[in-house]
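**Student:** what's the 3D shape of this:
(2 chains)
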Amino acid sequence: MSKPNSYVPPPIPPNLGVLSPEAIRRITEIEGPLGDVNRLADDIGTSISGHFNFNVRTESHDQTVQKLAVMINFLLESTRQAISRRERAESIIKGQAFLRQLIDLQNDLIYTKDERGRFILVNRSTAKFYGVTPEEMVGKRRVELGISEVDAAASFKKHQKVMETKQPYPTEEEQVISPSGQTYWFQTSRVPVLDEDGHVIQVLYVSTDITALKQASDEMSRLISELQQALKFKDQFLATMSHELRTPLNAIIGFAGICLMSGEAPPQTTMMLERIDFNARRLANLINDVLDISRINAGRVEILWTKVDIRQLAQTWHTDYVQRITGKGVQFILDIDPALPIEVDGDSERLTQIANNLLTNATKFTDKGSVTLALQKQGENWAMTVKDTGIGISETFQQVVFEEFRQVEAGAQSKYGGTGLGLAIVQKLCILMDGQITVSSKLGEGSTFSATFPLRRGITKKE
Amino acid sequence: MPQTKDVFKGWRILAVDDEADSLMVLELLLTMASATVFTASNGQEALEWLLSNPAPDLIITDLSMPVMDGWILFERLKVMPETATLPVFAFTAHAMPSDRQKVITAGFAQYLTKPLDPMTFVKDLAKLIRETPSLEGRLTPPTSSEAGENTTA
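**Tutor:** Here you go, the predicted structure:
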């Protein structure tokens, strides 16, 4: 409220006739305070608000008028103070209503409790959780609203901690059973509310309902654990299956081989023994390949990076295959680029697995001409290329040749054998070694498989 | 077919397996390479044979067997002074990559997997014997016919 102004008296009307100067002085004096009072009376008659911003003049020779003026000023001041208080209270109430609306809009449970844990301020979400109105909650403790003694006691400990330390309690996740018996998860913050003297008078709570989140994460954990269990079971199953299949295969391959080696069987029987041997080996390879691909797919094949003398390795591969290939009347060419460094980064066992697969395929599908194993330096990379002059691969089949269980048309299967997993394994191994494999082929002319790897691990590939 | 007739001439080999077929395949192949083969169908039988016979040159044992498995047999052999130094090869259908590690870590001298390849078994076994430090010099160097192929069972 602004400072009271001095009242400016109205001019004396000119038609008062001739008065002595003394009379005029006295009239003026009386006119001063009494005029002000008169004005005041008009104000009260119309409206009280905002019109008390002046004081009645107290200059007068009349002591009674003077006293009256002082008294009125005193009353005026009291009235002004009363109005000011009322306005302040109104504005506080307006502000509170706004805050009230604001907190009632929140989905979070927002409330304060006094030092004994009794609810003071409660938003609508909080009341809804307890199944009552906000008004019904005020002054009550949690146990009185249907929370178990144990839960309430645990919560009150934290409440007391805030009261004692005057510090916010670390935000944490809490499980709460609602009065209706439902299980909720809340993330709750507890903050002290201090008075002017720094005493904790209340604790302010903000609780976010994270039940849905918690349920989703629990569900996720459960699924992960089930998945891990299933994977473990799958591993055990594969190991058992592998063991149980190998044992009879050992007998089949063993006896068939011994019979063949004895050379005593008649030609027809020998032919059948050879088919038994061939098919049993196919089955054995299938077991190995299935185990390999499942391990690779499960990400459990690790590359043991070492320095690999790739030339020497290629010589070993040549030695391993030269008899098999030349035995078919096919030439085996080893072509090593002199620009290749002495050592490259890689896993010799995996490289051998790749070479074995490619050379076995080339051998299998080539009856005349040649099989070439070439090693070349290609910038920052090196390539292992197996080129044959065999039956070739149709363009359609080239698209899917690296997919699992893909094989050349069914008729050829019985002739050539194989599991349909070899090239899938090769491609996955190449990728694991930061490399890639490509195929180019023409039916009836032959196929070329080229696996490219970085010379040094970690060097980005260039095409 | 590789010429392997006399590779194990003079060798006494104890083969242990609960599968009669596996045992017979081993016996036939080793006998074809001129070894003298003794058989036992579990660890217990093998121990009993060992206690009443002169030590063999080599023991080839399966791992999963009833009564006494290959693992326990191996442990028992290691704690008896008269058998502690005998070379023991594991011959098993447990052929997962982790199995090899387990077998070698346990102390078996070598690890062979089923199914074996009868065409190359004798040669492969001879190669493993030559690579086994405790059997160094016990086998004559490979003949030219043995060289060449390198196939694992």
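
**Student:** Every contact and neighbour count from this point should use C-alpha atoms.
**Tutor:** Fine.

**Student:** Just the mean pLDDT for stretch A:200-219, thanks.
**Tutor:** The average pLDDT within stretch A:200-219 is 91.

**Student:** Please list the outside residues in contact with that stretch.
**Tutor:** Under the contact criterion CA atoms under 8 Å, 6 or more residues apart in numbering or on different chains, stretch A:200-219 has outside partners A:107-115, A:159, A:162-163, A:166, A:184-195.

**Student:** Buried residues of it, list them for me.
**Tutor:** Neighbour counts using 16 or more other CA atoms under 10 Å in any protein chain shown place A:200, A:202-211 of stretch A:200-219 among the buried residues.

**Student:** Among those residues, which ones are in strands?
**Tutor:** A:200, A:202-209 (DSSP state E).

**Student:** any chance of the buried residues of stretch A:200-219 in JSON lines, plus distance to residue B:105?
**Tutor:** Putting the buried residues of stretch A:200-219 into JSON lines (distance: CA to CA, whole Å) gives the following:
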{"residue": "A:200", "distance to residue B:105": "66"}
{"residue": "A:202", "distance to residue B:105": "66"}
{"residue": "A:203", "distance to residue B:105": "63"}
{"residue": "A:204", "distance to residue B:105": "62"}
{"residue": "A:205", "distance to residue B:105": "60"}
{"residue": "A:206", "distance to residue B:105": "58"}
{"residue": "A:207", "distance to residue B:105": "56"}
{"residue": "A:208", "distance to residue B:105": "54"}
{"residue": "A:209", "distance to residue B:105": "54"}
{"residue": "A:210", "distance to residue B:105": "50"}
{"residue": "A:211", "distance to residue B:105": "50"}
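
**Student:** can you pull the contacts of the nearest residue to residue A:106 once chain neighbours are set aside?
**Tutor:** Spatial nearest neighbour of residue A:106, excluding adjacent residues (CA to CA, 6 or more residues apart in numbering or on different chains): residue A:125 at 7.1 Å. By CA under 8 Å, 6+ apart, the residues touching residue A:125 are A:104, A:106-110.

**Student:** Excluding sequence neighbours, find me the nearest residue to residue A:439.
**Tutor:** Spatially, and ignoring its direct neighbours in sequence, residue A:439 is nearest to residue A:449 (4.6 Å; CA to CA, 6+ apart).

**Student:** Counting neighbours, what do you get for that neighbour?
**Tutor:** Residue A:449 is flanked by 20 other residues according to other CA atoms under 10 Å in any protein chain shown.

**Student:** Next up, the contacts around it.
**Tutor:** For residue A:449, the contact set (CA under 8 Å, 6+ apart) comprises A:358, A:385-387, A:437-440.

**Student:** which SS class is the closest residue to chain B within chain A?
**Tutor:** Proximity of chain A to chain B (CA to the nearest CA) peaks at residue A:250, 3.8 Å away. Using DSSP: H, G, I helix; E, B strand; the rest coil, the structure places residue A:250 in helix.

**Student:** now the closest residue to it other than its chain neighbours, what's its secondary structure?
**Tutor:** Sequence neighbours aside, residue B:115 is the residue nearest to residue A:250 in space, at 3.8 Å (criterion: CA to CA, 6+ apart). For residue B:115, the assignment made with three-state DSSP gives coil.

**Student:** Return the distance of residue B:115 relative to residue A:380.
**Tutor:** Distance, residue B:115 to residue A:380, by CA to CA, to the nearest Å: 42 Å.

**Student:** Next: residue A:333.
**Tutor:** With distances taken as CA to CA, residue A:333 is found 25 Å from residue A:380.

**Student:** Likewise for residue A:21?
**Tutor:** Distance of residue A:21 to residue A:380, given as CA to CA: 121 Å.

**Student:** Check residue A:364 too.
**Tutor:** Distance, residue A:364 to residue A:380, by CA to CA: 32 Å.

**Student:** Could you check which of the two is surrounded by more residues?
**Tutor:** Higher neighbour count among residue A:364 and residue A:380: residue A:364, with 18 against 14, using other CA under 10 Å.

**Student:** quick one: pLDDT of that one?
**Tutor:** Per-residue pLDDT puts residue A:364 at 87.

**Student:** Just say helix, strand or coil for it.
**Tutor:** On the three-state scheme (three-state DSSP), residue A:364 is labelled helix.

**Student:** What residues does the residue of chain A closest to chain B make contact with?
**Tutor:** Contacts of residue A:250 by CA under 8 Å, 6+ apart are B:22, B:114-116.

**Student:** among those residues, which ones are buried?
**Tutor:** Of the contacts of residue A:250, these count as buried by 16+ other CA under 10 Å: B:22, B:114-116.

**Student:** Buried members of the contacts of residue A:125 into ChimeraX, please.
**Tutor:** Applying 16+ other CA under 10 Å to those, the buried members can be selected in ChimeraX as follows:
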select /A:104,108,109,110
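
**Student:** Could you export the contacts of residue A:125 as a markdown table, including distance to residue B:30, secondary structure and pLDDT?
**Tutor:** Below are the contacts of residue A:125 laid out as a markdown table (distance: CA to CA, whole Å; DSSP: H, G, I helix; E, B strand; the rest coil; pLDDT from 0 to 100):
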| residue | distance to residue B:30 | secondary structure | pLDDT |
| --- | --- | --- | --- |
| A:104 | 89 | helix | 91 |
| A:106 | 84 | coil | 91 |
| A:107 | 81 | coil | 91 |
| A:108 | 81 | coil | 92 |
| A:109 | 82 | strand | 93 |
| A:110 | 85 | strand | 94 |
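
**Student:** Closest one of the contacts of residue A:125 to residue B:71?
**Tutor:** Distance ranking of the contacts of residue A:125 against residue B:71, using CA to CA, places residue A:108 first at 62.7 Å.

**Student:** And that closest one, how close does it get to residue A:216?
**Tutor:** From residue A:108 across to residue A:216, the span is 19 Å (CA to CA).

**Student:** ok, now residue B:97?
**Tutor:** Separation of residue B:97 from residue A:216 (CA to CA): 38 Å.

**Student:** same thing with residue A:158?
**Tutor:** 27 Å.

**Student:** near chain B, which residues of the stretch 201-350 of chain A show up?
**Tutor:** Counting by CA under 8 Å from any CA of the partner chain, the residues of the stretch 201-350 of chain A lying close to chain B are A:239, A:242-244, A:246-247, A:249-251, A:253-255, A:257-258, A:261, A:284, A:291, A:319-321, A:323.
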